[in-house]
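Undergrad: pasting the sequence and the predicted coordinates here, then a few questions.
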Amino acid sequence: MAVVLYYAHDPMCSWCWAFRPAWDYVCQSLPGQINLVRLLGGLAPDSNEPMPEALQHMLQKIWRNIEARIPGTEFNFDFWSQCRPRRSTYPACRAVIAAVKQGQEHHETMTKAIQHAYYLQARNPSDESTLIALAEELQLDMALFKQDLNSTETHQELKRQIELCYQLGIPGFPSLVLRTGNIARRIPVEFNDPPLQLQLIEQAAGIAA
């Protein structure tokens with residue numbers, strides 16, 4: 001019986017950034033009999049409106065809370081003064097989809113590039129210019145990436161992934177759901193204990209040692 005692990009995330013989700021070390025551990029250690037499917041959840045649709053100041057302050061508070069709760073997680077707060085924040089994460093999600101069209105490995109490479117740009121380098125992944133620059137840094141085929149970034153197929157694929165997140169009952173990001181046959185169950189997310197995270201996945205899959 002096929003066992004599928006769904007990982008639902010958004011490249012501009014701060015909690016997903018905090019989960020990055022644990023997720024890297026899972027990706028490196030996941031047993032071969034578990035099929036991994038990454039889903040882009042799409043936190044915020046396209047918008048050119050500036051982010052309201054109240055929301056900016058709330059997100060900065062979340063960043064500080066994460067730094068306190070998950071040791072080792074870093075944020076560059078210069079982002080809030082050097083960039084024009086917008087509540088718009090769909091462009092970053094589409095950039096991951098466009099990158100994946102050039103190889104499945106680029107789901108992780110582009111996601112990491114977006115996270116590093118946003119959280120460490122004070123660059124704005126809501127801006128298409130930033131996403132194009134990141135694709136160039138990853139040495140992707142730029143003509144193909146620009147063509148795919150806003151293609152109808154890419155928009156449809158993001159919509160499909162968002163709808164699947166809803167169907168799986170995913171409440172927020174990051175989320176892990178393990179499906180065995182027709183049974184899907186959510187797995188608790190462990191930010192500070194990567195080996196425990198892997199153990200929980202294996203136990204849910206019935207393959208723990």
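TA: Ah, there it is. Residues are numbered from 1 along each chain as shown.
Undergrad: so which bits of stretch 140-159 are buried?
TA: 140, 145-146, 148-149, 154, 157-158 (16 or more other CB atoms under 10 Å). C-beta: built from backbone N, CA, C; applies to glycine.
Undergrad: name the SS class of the residue nearest to residue 37 when sequence neighbours are not counted, please.
TA: In this structure, residue 37 finds its nearest non-sequential neighbour in residue 6, 5.1 Å apart by CB to CB, 6 or more residues apart in numbering. At residue 6 the chain is in strand, as set by DSSP: H, G, I helix; E, B strand; the rest coil.
Undergrad: tell me who's in contact with residue 6.
TA: 37-39, 164, 168, 170, 175-179, 184 (CB atoms under 8 Å, 6 or more residues apart in numbering).
Undergrad: and if you look at residue 72?
TA: residue 21.
Undergrad: element containing it?
TA: According to DSSP states H and E, residue 72 maps onto no helix or strand at all.
Undergrad: what distance do you get for it to residue 85?
TA: 24 Å (CB to CB, to the nearest Å).
Undergrad: same check on residue 167?
TA: For residue 167, the distance to residue 85 - CB to CB - is 31 Å.
Undergrad: between those two, which is the more surrounded one?
TA: Neighbours per residue (other CB atoms under 10 Å) separate residue 167 from residue 85, with residue 85 holding more: 17 against 9.
Undergrad: now the helices for the chain?
TA: Per DSSP state H, the chain carries helices over the ranges 14-29, 53-69, 79-82, 90-100, 106-115, 128-137, 142-149, 152-167, 194-205.
Undergrad: out of those helices, which is closest to residue 122?
TA: Nearest to residue 122 among these is helix 79-82; the distance by CB to CB comes to 4.2 Å.
Undergrad: touching that closest one from outside, list them.
TA: By CB under 8 Å, 6+ apart, helix 79-82 touches 56, 60, 85, 118-119, 122-124.
Undergrad: before we move on, the earlier item: which of the helices of the chain is buried the deepest?
TA: Comparing these by mean neighbour count (mean count of other CB atoms under 10 Å), helix 90-100 ranks first with a mean of 25.
Undergrad: with only the CA atoms kept, save that one in PDB.
TA: What follows is helix 90-100 as a C-alpha-only set of coordinates in PDB (Å, rounded to 0.1, in the frame of the first residue of the first chain):
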ATOM      1  CA  TYR A  90       1.600  33.700  -4.400                       C
ATOM      2  CA  PRO A  91       4.400  35.100  -6.600                       C
ATOM      3  CA  ALA A  92       7.000  33.200  -4.500                       C
ATOM      4  CA  CYS A  93       4.900  30.000  -4.700                       C
ATOM      5  CA  ARG A  94       4.700  30.400  -8.500                       C
ATOM      6  CA  ALA A  95       8.500  30.900  -8.600                       C
ATOM      7  CA  VAL A  96       9.000  27.500  -7.000                       C
ATOM      8  CA  ILE A  97       6.600  25.900  -9.500                       C
ATOM      9  CA  ALA A  98       8.400  27.500 -12.400                       C
ATOM     10  CA  ALA A  99      11.700  26.300 -11.000                       C
ATOM     11  CA  VAL A 100      10.400  22.800 -10.500                       C
END
